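Q: what follows is a protein structure lacking sequence information:
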């Protein structure tokens with residue numbers, strides 16, 4: 001980690017109740033519990049500004065606040081720009097559904113603008129991502145893997161669809177493996193570019209998670225080979241999370257096709273329907289008999 005980034009000697013102590021998600025027990029956020037702090041005064045950051053931070057969050061709020069309103073609730077974005085915490089979390093306070101974003105995470109050198117947008121989508125996904133949920137479906141929150149999947153499959157596509165993605169991607173360095181996979185699924189140039197953009201947002205977060213977890217070799221060409229015996233609600237490994245973001249980008253289900261609060265099947269890609277790419281990765285998800 002660059003020397004300009006301040007690492008606190010104290011362990012992060014967010015006091016969260018059972019209504020908080022990214023770890024439903026309040027032990028962590030979007031990322032596992034960590035001691036990393038990045039001040040707005042640090043020099044070795046990614047160049048994120050408060051204006052850009054707020055604008056990215058607003059894009060998600062503008063898209064999803066009306067959807068949350070149809071469910072009788074209010075979506076509240078809590079913008080903690082000054083906070084040095086390298087994390088994010090979601091919680092509910094009655095009918096107020098909150099997404100808590102922190103400047104520390106937004107400023108991390110490995111967090112791209114699109115990567116940060118994907119984190120906002122992940123946290124929104126705890127509220128709207130559907131099944132599988134924490135506690136075998138007994139809790140309100142989509143589990144970690146599902147929030148990741150929703151983030152790239154539904155939220156990022158909804159937010160970015162109308163951007164000039166071809167021009168944006170032309171200025172990016174995109175992994176050849178991601179480009180090839182996107183071109184095999186999508187034929188329209190704009191759809192390919194959108195897929196590439198989301199995939200690279202996922203790589204940004206995969207590398208960030210890997211850097212903190214001691215796994216720096218996170219890449220599209222090295223998928224996690226683990227096969228779980230039962231669905232893991234907690235944070236999967238960094239490579240598994242990248243695989244999940246990538247799968248979401250490669251699933252061609254429309255973002256307007258809703259997921260279900262009770263069933264993991266509607267609105268997603270499953271093998272039963274002939275999908276070889278796009279289903280949830282087996283490194284965290286155990287498919288049911290109907291999948």
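A: Good, I have the coordinates. As the structure is a prediction and not an experimental result, all values here were calculated from the model.

Q: please make it C-alpha for all contacts and neighbour counts, starting now.
A: Will do.

Q: mind listing the strands for the stretch 51-200 of the chain?
A: 74-80, 88-93, 96-102 (DSSP state E, counting those that start in this stretch).

Q: tell me the mean pLDDT over the first one?
A: Strand 74-80 shows a mean pLDDT of 98 in the predicted model.

Q: rewinding a little: which of the strands of the stretch 51-200 of the chain sits closest to residue 231?
A: strand 88-93 (20.9 Å; CA to CA).

Q: returning to what we had before: how about the strands of the stretch 51-200 of the chain, which one is nearest residue 146?
A: strand 88-93 (13.9 Å).

Q: save the strands of the stretch 51-200 of the chain as CSV, and put in distance to residue 281 and mean neighbour count too.
A: Below are the strands of the stretch 51-200 of the chain laid out as CSV (distance: least, CA to CA, whole Å; neighbours: other CA atoms under 10 Å):
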stretch, distance to residue 281, mean neighbour count
strand 74-80, 29, 18
strand 88-93, 23, 22
strand 96-102, 25, 21
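
Q: could you list the low-confidence segments of the stretch 51-200 of the chain?
A: Filtered on pLDDT under 70, the stretch 51-200 of the chain yields no residues whatsoever.

Q: one more time with 90, if that's ok
A: Applying pLDDT under 90 to the stretch 51-200 of the chain picks out residues 137-138.

Q: please enumerate the helices of it.
A: With helices called from DSSP state H, counting those that start in this stretch, the stretch 51-200 of the chain shows them at 103-107, 113-128, 144-150, 156-160, 165-170, 176-185, 189-213.

Q: list the contacts of the third one.
A: By that I understand helix 144-150. Helix 144-150 is contacted from outside by 22-23, 121-126, 129-133, 232-236, 241, 244-245, 247-248, 280, 284-285, using CA atoms under 8 Å, 6 or more residues apart in numbering.

Q: measure the residue most central in space within the chain to residue 135 for me?
A: The residue lying closest to the centre of the chain (CA atoms, centre = their mean) is residue 122, at 3.6 Å. Applying CA to CA, to the nearest Å, the value for residue 122 to residue 135 is 18 Å.

Q: thinking again about what came up before, buried deepest among the helices of the stretch 51-200 of the chain, which one?
A: helix 144-150 (a mean of 31; mean count of other CA atoms under 10 Å).
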